[in-house]
Structures are given as C-alpha cells and as structure tokens.
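> Model the structure of this input:
(one chain, ligands or ions: 1)
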Amino acid sequence: MRTKGAHIHFEEQWNQFHLSNGEVSYLFKISEDGKLLHLYYGKAVSNSRDYSYLVEMQHRPMTTYRQEGDLLYSLEHLKQEFPEYGTTDFRHPAIQLKQKNGSFITDFRYACFQVIEGKPSLKGLPATYVEAANEAATLLITLKDEVTKAEVVLSYTLFSQLPVIARSVEVKNPSQDVLYLENLASLSLDLPDQDYRWVQLSGAWGRERYVKERDLQQGIQSIESTRGISSHQHNPFVALKRKNTTENSGEAIGVSFIYSGNFLIQAEVDTWDVTRLQAGINPFGFKWELQPAASFQAPEALLVYSDQGLNGMSQAFHAMFRNRLARGKWRNENRPVLINNWEATYFDFDEEKLVAIAEKAKEVGIDLFVLDDGWFGERNHDKAGLGDWFVNQKLLPKGIGSLAEKIRALGLKFGLWFEPEMVNKDSELYRQHPEWIIHIPHRTPQHGRNQFVLNFANDEVVDNIFEQMCKIIDESQLDYIKWDMNRPLTDIYGVNLPASQQGEVFHRYVLGVYKLYEQLTTKYPNVLFESCSSGGGRFDAGLLYYAPQCWTSDDTDAIERQKIQYGTSLVYPLSSMGAHVSITPNHQTNRLTPLKTRGNVAIFGAFGYELDLNKLDPADCLLVKEQISFYKQHQSLIHNGKFYRLVSPFEGTRNRTSWMVVAADQSQALLAVYKGLNEVNWPYDRIVLHGLDPEAVYEIEEKEYTGAELMNIGFIVSDSSSGQINEQNPLPETFDFDSKIWVIQKRGERK
Ligand code: DGJ
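As a prediction, the model looks like this:
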C-alpha cells in the first residue's frame with residue numbers, strides 16, 4: 001500500500017480525486033451537478049478503484065431535493081467538501097456570502113482543478129511550508145457560483161512523509177457588485193459516523209490547555225474565541241478519537257487552526273450520525289467586504305490522521321510545527337538557557353540588581369539574560385508607560401545600551417520584553433494619539449490591566465511601533481524579544497474604517513500583528529522571539545510561524561505545570577514551550593516543591609529560570625548548575641526527539657505523571673516520572689515504555705534491558721517511600737512531589 005511521496009490522482013472516469021501518501025487517503029468526487037461529495041478520509045486505500053458507492057442516498061420524509069421529480073438527491077444526506085446552506089443542506093455551511101439583494105445563499109459548483117508540486121504560501125498569513133517541491137503536492141479546486149459570479153478556490157496540500165493535510169480557502173469576487181463574506185470555514189470535513197470522543201484543550205489564565213473530553217452527541221459541540229486572541233479559554237485545536245483510542249493505539253483525527261484570533265471549531269452531528277467537523281475564523285463579529293476584483297484568503301487548518309493513538313497524532317503535529325511551520329535561524333538551533341527577572345524583581349529593579357542576577361546566572365551556565373516588563377517609559381507600575389518604547393530613565397538612568405553592554409561583557413546574550421499592541425493612557429504615545437486605541441466613538445473604552453489595545457488594524461499604528469522597536473533593538477543589539485499581550489479585545493471598532501468594514505476589525509487586527517512580526521523577523525533574523533499573552537493566552541500555531549517558542553503559562557508551579565505541559569504537548573512540540581524554574585513558595589500556588597522537580601519539569605521545554613539565583617543556598621546553586629548542564633547535554637534529544645505521553649496527570653489514578661522522549665534513531669531516550677504526595681505502603685509500579693528499538697540493548701543506571709523488555713514488560717519505578725521503615729528498609733529517600741529522569745542509552749543490538 002505504501003507508495004512514497006504525496007500523490008494526487010484525478011480519476012476521470014469516476015470524477016474522483018484521491019490524495020494519498022501511502023499512509024493516509026482523502027477521497028472525494030464531483031457530482032453530476034458539480035458539487036464536491038466527500039467519500040473517505042483515513043488510513044490509505046488503493047488507487048484506481050471507484051469509490052462512488054460511498055455516496056449513500058435514501059428517500060427520507062421531511063427533506064428537500066435538488067431536482068424536481070427526483071426524491072433521492074438531497075445534499076442534506078450527503079457528505080460534502082464545501083457545504084452551503086439553502087441548497088437542501090440544513091447543517092452549518094462552510095460559507096455565507098451576503099449579496100446585493102440581501103440573500104446569503106450560494107450554490108458553488110465545480111469549475112476546474114490544478115495540481116501543483118510543493119505548496120504555495122498564503123499571503124500575509126502564517127502557514128506550513130515546504131523546502132523542496134517533492135515534500136508535498138497541492139490540489140487547487142475552483143468552484144463558481146453562477147448567480148453572484150463569486151469563485152472559491154479550495155486548497156488541499158498533502159505532505160509526503162507525514163499523515164498531514166493542510167487546507168485553506170480563497171474567495172474571489174470577479175463580479176461588478178460588492179459582496180460580504182459573513183462566514184468562511186477553512187476546513188469542513190464530513191465523517192460518516194459519530195463514534196468519537198471530542199478532545200479539547202481548555203482552561204483559564206494560569207491553567208491553560210487542560211485536556212477535556214466528551215462523547216460526540218447529536219447537535220453541535222464547539223470551542224471558540226471571541227476575545228481577539230486565540231485565548232486561555234480554548235486553544236484552536238480539537239481531536240476526535242475513537243472510543244477505544246489510547247495514547248498509543250487507535251484512530252485519532254486532529255485539527256489545528258493556524259490562527260491567533262477569533263476562531264470557531266465545531267462538530268455538528270446530524271440526525272443520521274454524520275459528523276461535520278469545521279474550523280475557521282469565528283463568524284461572530286466577522287463580515288468582510290469584498291469589492292469587485294477583491295479576494296479573501298482564509299487561514300490554514302492542519303488535519304492530522306493517526307492510527308497510532310494520540311501520541312501518533314501529536315508526533316505528526318510536532319514534526320510539522322518544528323520543521324515546517326517554525327522558520328529561521330532558531331528553528332533548528334539549540335535555544336539559549338535564559339534567566340528572566342520578572343518573578344525575581346517585578347517592577348522593583350535597578351541596573352545593579354539586574355547585573356547581580358546576571359553575574360550569578362553566568363556562573364551557573366545560563367546563556368541569556370531577559371529584562372522583563374518595566375524598563376521603558378514611565379513604567380514604574382502597571383498603570384503607565386505602555387506604548388513608549390524608550391528607556392525608563394528613573395530605573396535605568398544610564399540607558400538600556402549601558403545595561404546591555406554590561407550583560408554582554410559578562411558573556412551573556414541580552415533580551416527585552418515588549419508589549420507592542422498596548423498603550424496606557426499615561427504615556428507619550430496616548431497623549432499624542434488618543435485616536436489610536438480600539439474604542440467605539442461616544443462610548444467609554446474598556447480597559448484590562450489599566451491598558452488599552454492599539455488599533456493594529458491601522459497600518460500607521462503598526463509602523464509607529466515598528467520604528468520604536470527598531471531603535472531599541474539597534475541600540476541594545478538585542479538577541480531575544482519576549483512579545484507579551486496582556487488583555488483581550490472587547491469593545492471592537494476601528495475608527496480608521498468605514499461602517500461597512502467594521503466586521504473586519506478583529507481579523508485586520510490579527511493581520512497587523514502578523515505584519516509587525518514579519519517585519520521584525522525579516523529585519524532581525526538572528527533575534528529569538530518568544531510570544532506570550534499573560535502566559536499562554538495566545539499559544540497557537542499562528543504565532544509559532546514567527547516565534548518558535550511561547551511562554552506556556554504564568555503558572556510556574558512544577559505540579560500545575562505537569563498538567564499544562566502535558567495538555568500543550570497534544571499539539572505543540574516541546575521546543576515551543578517556554579518553561580522556567582521559579583522560587584518556592586511558588587508565586588501562583590504558594591506551594592513548596594523540590595528544586596529538583598522544578599528542574600525536571602521545566603527541562604522538557606524551552607528551558608530557563610525566573611528567580612534571583614543570589615537567594616539560593618550553595619547546594620541549590622550547584623543543583624541549578626547540574627540541571628543546566630544536563631539540559632544542554634540533552635537539549636537536541638528533548639527538542640527533536642519523539643515525545644510520548646505515558647501516564648496522565650489528568651487521570652490521577654496512579655499519583656504519577658510520566659512522559660518520555662526518544663531520539664529519531666532510537667539510540668537514546670529520557671524517561672521522566674513525577675510523583676504527587678508520598679503514599680504509604682503503595683503498590684509496586686511499572687511503566688511500559690514506547691518508541692524504543694525492540695531488538696536493541698539499552699542501559700539504564702548501569703543495568704541492561706532489551707527494548708522489547710522495556711516496551712512489553714515495562715520499567716520498574718516503584719517508590720522506596722512505599723514500604724514500612726525497618727533495618728532492611730531505611731528511611732524513605734523520596735519526598736512529596738519527588739521526580740526522576742532516567743537516561744536510556746542504547747548499548748548495541750541483541751545477540
Ligand atoms: C505577563 C507575562 O506572562 C509575564 O511573564 C510577565 O511578562 C508579565 N506579563 C509582565 O507584565
């Protein structure tokens with residue numbers, strides 16, 4: 001079955017398209033009246049077969065039909081690629097286009113197709129890409145609506161080596177009339193049954209991307225954002241997994257929407273148990289004016305099929321995001337270990353204090369010093385200064401250049417925090433341009449954290465911030481930028497746009513953010529960008545295109561972080577998860593956890609520290625040094641290896657969390673186990689490992705095991721705290737919230 005490479009076949013005798021890379025197949029056909037009928041998506045099936053029999057039709061009462069005299073052909077009964085309302089289908093459509101006469105109904109029909117090698121880019125939008133034409137093949141299908149003359153181009157890119165399909169849609173208006181796009185799904189996929197569990201990543205500030213699941217039911221289940229950012233509440237990702245799917249076996253279909261603003265992902269189960277999965281810009285508050293000759297490009301949605309459980313799905317997303325979404329120098333280079341001063345000082349710092357932290361950081365092996373919020377304008381607290389991207393003379397009278405020089409003289413790289421999209425009323429920028437904030441004329445603007453959102457739907461605003469940032473980047477020769485965003489958008493309105501375009505502000509805002517990122521990353525290719533939005537409020541695939549890492553959460557507690565990082569790993573690679581060791585008692589939970597465990601959790605991410613190392617005792621400083629050296633030794637394995645979730649912190653039956661990462665050539669792996677509270681007389685505990693070479697001999701703590709043993713029998717992780725203390729079994733060596741990382745090293749093949 002497996003034929004290397006991505007193939008797109010058009011089988012003319014059956015009007016059938018078959019996209020296959022030997023691992024997955026995606027099939028649909030053109031109906032006699034030009035509609036695209038979905039046939040199959042899943043594990044690969046053969047070419048040169050007529051799959052028309054999958055178009056099932058029955059006469060059913062209370063339906064409507066396409067042609068008079070025909071009581072069979074109803075789109076309500078059919079699985080489709082680009083469904084529309086008002087054409088006999090009553091489910092949610094992939095498009096709504098408002099016309100001069102007030103109708104929003106269209107009837108797009110097949111016009112032509114084109115197959116191209118490789119993958120075209122999406123103008124102004126983040127998207128996956130290829131580096132060689134044979135990495136993917138793209139099918140572009142043009143549909144036309146006879147009445148409005150509007151055209152739709154559906155794009156399907158199938159990747160050669162991964163079970164991944166990228167989808168997007170472009171709408172064109174070649175007519176003489178203005179059209180209004182009110183809804184456009186980037187992806188619409190009709191699956192033949194509803195026997196799935198819906199998996200979403202949801203939460204709040206400080207507990208982002210918790211794994212939540214439920215069975216699909218007739219009706220609509222959805223997640224969305226209406227906050228202008230992808231949000232802490234729901235991540236633009238959903239998986240549908242079969243009821244018997246585990247982490248390592250069974251079917252799962254994942255959808256990640258490559259977008260950083262309002263989104264909607266929904267599954268509508270109809271009355272015949274067909275599941276319609278859709279992902280796109282949230283139609284809430286969206287209305288795009290399409291002038292004659294104009295077009296609209298929808299963002300990309302990435303579809304992954306796995307028959308190897310959720311881990312198989314995640315590994316495909318990780319490989320795509322790491323290698324064909326993230327770009328630039330830092331895509332493949334080892335990331336610097338950083339120290340960030342936020343939790344160490346908050347706004348209470350001066351040059352001396354910062355340099356003292358940096359000096360200690362250098363001693364333990366840290367590479368990069370990051371100065372967080374407070375260095376600019378009149379920013380002595382969170383009521384002033386945003387928008388003024390020049391040095392805060394009160395805190396740093398010698399300037400940012402002087403601080404940068406001192407940090408660099410220590411042998412460290414230097415990075416700064418920005419919040420480019422925001423302004424405080426108490427700032428030079430606001431005093432000069434009060435009209436630049438997002439606000440509704442004659443209404444009081446709403447604040448969040450005492451700040452207002454700059455209207456990034458206005459190029460003039462974006463250009464101003466770009467120029468201000470360039471000056472600082474040049475002056476301090478920045479190596480790193482943390483781009484923060486600390487409040488959602490609410491009272492949406494763009495005073496620069498006419499009434500007819502107010503429905504564009506949310507999306508234009510996101511395009512403005514992308515534009516600034518693009519300008520900065522192009523002008524400063526060596527700068528490492530880390531995105532952030534009060535922790536992980538905008539941790540999405542859209543921003544990974546510009547910033548290869550993102551601050552995962554403001555919650556740095558090692559126990560909470562296990563859940564956050566576990567959930568995040570469902571779709572995002574470890575290299576993208578900013579993870580720092582902070583002080584105890586933890587600033588968010590007030591919990592005491594061992595430094596060892598804080599390190600053991602943060603190491604599985606883009607690693608760093610967020611504390612004043614001068615406040616640690618010498619033993620802890622030594623441990624920090626060891627953690628950094630361990631991380632540096634294994635960073636490439638952690639960031640590029642295959643990640644396997646083993647024991648879930650959400651299931652809580654074993655008082656454990658566990659995961660492992662395995663090198664691509666299976667020569668090395670790391671296994672991590674994290675414990676909750678110590679338990680007395682606890683059961684024996686074994687963990688079954690994954691991803692190793694069954695024939696290989698591996699060494700763990702000077703003992704040899706075959707890969708098959710470790711993956712079939714498991715590895716013993718029983719805890720010495722479990723037993724009763726006596727002469728043979730002295731004091732337990734472990735404690736609450738203990739953890740351990742084992743290095744698994746291949747020593748050869750089994751003889
Ligand atoms: C929110 C971020 O998530 C924190 O890491 C920190 O940068 C603060 N903002 C600063 O205001």
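> Centroid-nearest residue for the protein?
The centroid of the chain falls nearest to Asp540 when counting by CA atoms, centre = their mean (3.2 Å).
> quick one, what contacts it?
Ser230, Asn235, Pro236, Phe257, Ile258, Tyr259, Ser260 (CB atoms under 8 Å, 6 or more residues apart in numbering). No exception for glycine: its C-beta is placed from N, CA and C like everyone else's.
> do Glu300 as well
Leu122, Leu125, Pro126, Ala127, Thr128, Ala166, Arg167, Ser168, Ser186, Phe257, Ile258.
> just checking, Phe90 is part of a helix?
No. With DSSP: H, G, I helix; E, B strand; the rest coil as the criterion, Phe90 is located in coil rather than a helix.
> That one touches Glu76, doesn't it?
Yes. In terms of CB atoms under 8 Å, Phe90 counts as a neighbour of Glu76; the distance is 5.7 Å.
> For the closest residue to the ligand within the chain, which residues are in contact?
Using CB to the nearest ligand atom, the single residue of the chain nearest to the ligand is Asp373, 3.5 Å away. When contacts are counted by CB under 8 Å, 6+ apart, Asp373 touches Trp342, Phe347, Arg379, Asp382, Trp417, Glu419, Asp484.
> follow-up on the earlier one: so of the contacts of Glu300, which ones are in strands?
Here DSSP state E is the test, and these give Ala166, Arg167, Ser168, Ser186, Phe257 as lying in strands.
> Does Gln519 belong to a helix, a strand or coil?
helix.
> ok, for it, nearest residue in space, not its chain neighbours?
Computed as CB to CB, 6 or more residues apart in numbering, the closest residue to Gln519 that is not its neighbour in sequence is Phe466, at 5.4 Å.
> Am I right that that neighbour sits in a helix?
Yes. Counting by three-state DSSP, Phe466 falls inside a helix.
> Now pLDDT, distance to the ligand and neighbour count too, for the ones in strands among the contacts of Glu300, in CSV please.
Output for these, formatted as CSV (pLDDT from 0 to 100; distance: CB to the nearest ligand atom, whole Å; neighbours: other CB atoms under 10 Å):
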residue, pLDDT, distance to the ligand, neighbour count
Ala166, 98, 30, 26
Arg167, 98, 32, 22
Ser168, 98, 31, 24
Ser186, 98, 29, 26
Phe257, 98, 23, 26
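> Which is the succeeding secondary structure element to the helix or strand where Ile638 lies?
Counting by DSSP states H and E, the element that carries Ile638 is helix 618-640. Next along the chain after helix 618-640, taking DSSP H and E as the criterion, comes strand 642-647.
> Put the alpha carbons of the helix or strand following that following strand into CSV.
Later in the chain than strand 642-647, the nearest helix or strand by DSSP H and E is strand 656-662. Provided in CSV are the C-alpha atoms of strand 656-662 (Å, rounded to 0.1, in the frame of the first residue of the first chain):
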residue,chain,number,x,y,z
ARG,A,656,2.1,10.0,38.9
THR,A,657,2.7,11.8,35.7
SER,A,658,5.1,10.3,33.2
TRP,A,659,6.5,11.0,29.8
MET,A,660,9.5,10.1,27.7
VAL,A,661,11.3,11.4,24.6
VAL,A,662,13.1,9.1,22.2
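> Angles on the backbone of Val601, please.
Note on Val601: backbone dihedrals following degrees, to the nearest 10 are phi -80, psi -50.
> so it touches Ser582, yeah?
No. Applying CB under 8 Å, one finds Val601 not in contact with Ser582, separated by 10.9 Å.
> more crowded one of these two?
Between Val601 and Ser582, counted using other CB atoms under 10 Å, Val601 has the larger neighbour count: 27 against 23.
> For the residue nearest to Leu39 when sequence neighbours are not counted, pull up the helix or strand it's in.
In space, and not counting its chain neighbours, Leu39 is closest to Leu27: 4.0 Å by CB to CB, 6+ apart. According to DSSP H and E, Leu27 maps onto strand 24-30.
> What's the first helix or strand after that strand?
With DSSP H and E, the next secondary element past strand 24-30 is strand 36-43.
> elements contacting that following strand?
Judged by 3 or more CB pairs under 8 Å, 6 or more residues apart in numbering; DSSP states H and E, strand 36-43 is in contact with strand 24-30, strand 179-191, strand 301-306.
> and the longest one, which strands flank it?
For strand 179-191, the paired strands and their directions (DSSP bridges) are strand 95-98 (antiparallel), strand 275-281 (antiparallel), strand 288-290 (antiparallel).
> Tell me which of those sits most buried.
strand 275-281 (a mean of 25; mean count of other CB atoms under 10 Å).
> In PDB, list the C-alpha atoms belonging to that strand.
Provided in PDB are the C-alpha atoms of strand 275-281 (Å, rounded to 0.1, in the frame of the first residue of the first chain):
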ATOM      1  CA  THR A 275     -20.200  14.300  11.900                       C
ATOM      2  CA  ARG A 276     -19.400  17.600  10.300                       C
ATOM      3  CA  LEU A 277     -16.100  19.000  11.600                       C
ATOM      4  CA  GLN A 278     -15.400  22.600  10.800                       C
ATOM      5  CA  ALA A 279     -12.600  25.100  11.600                       C
ATOM      6  CA  GLY A 280     -12.300  28.700  10.700                       C
ATOM      7  CA  ILE A 281     -12.400  32.300  11.700                       C
END
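> and this protein, which residues reach the ligand?
Trp342, Asp372, Asp373, Trp417, Asp484, Asn486, Cys532, Ser534, Gly535, Trp551, Asp554 (CB under 6 Å from any ligand atom).
> residue contacts, the last one?
In other words, Asp554. Trp205, Gly206, Ser534, Gly535, Gln588.
> excluding its backbone neighbours, what's nearest the first one?
Looking back up the chat, that one is Trp205. Nearest one to Trp205, counting by CB to CB, 6+ apart, is His232 at 5.1 Å.
> repeat for the fourth one
Spatially, and ignoring its direct neighbours in sequence, Gly535 is nearest to Asp554 (3.6 Å; CB to CB, 6+ apart).
> helix/strand/coil for the one you found?
Per three-state DSSP, Asp554 ends up coil.
> Please look at Arg449 and Arg487 and confirm they touch.
Yes. Using CB under 8 Å, Arg449 is in contact with Arg487, at 5.5 Å.
> neighbour-wise, which of the two wins?
Arg487 (22 against 13).
> so what's the more buried one scoring on pLDDT?
Looking at Arg487, its pLDDT is 98.
> contacting residues for it?
Met422, His447, Gly448, Arg449, Gln451, Val453, Ser534.
> So for stretch 332-348, what gets flagged as buried?
Arg335, Pro336, Val337, Leu338, Ile339, Asn340, Asn341, Trp342, Glu343, Ala344, Thr345, Phe347 (16 or more other CB atoms under 10 Å).
> Identify those among those residues that sit within strands.
Per DSSP E, the subset of those in strands is Leu338, Ile339, Asn340.
> pretty sure the first one is touching Tyr609, no?
Meaning Leu338. Yes. Using CB under 8 Å, Leu338 makes contact with Tyr609 at a distance of 7.5 Å.
> overlap in contacts of these two?
Shared contacts of Leu338 and Tyr609, counting by CB under 8 Å, 6+ apart, come down to Ile366, His580.
> For burial, what's the neighbour tally of Gln67?
Gln67 has 11 nearby residues by other CB under 10 Å.
> does it really touch Ser74, like I thought?
No. Between Gln67 and Ser74 there is no contact under CB under 8 Å: 10.0 Å.
> Which helix or strand contains Val462?
Judged by DSSP H and E, Val462 forms part of helix 459-476.
> Name the residues of that helix that come out as buried.
Neighbour-count burial for helix 459-476 [16+ other CB under 10 Å]: Val461, Val462, Asn464, Ile465, Phe466, Gln468, Met469, Ile472, Ile473, Ser476.
> And for stretch 682-698?
Trp682, Asp685, Ile687, Leu689, His690, Gly691, Leu692, Asp693, Ala696, Val697, Tyr698.
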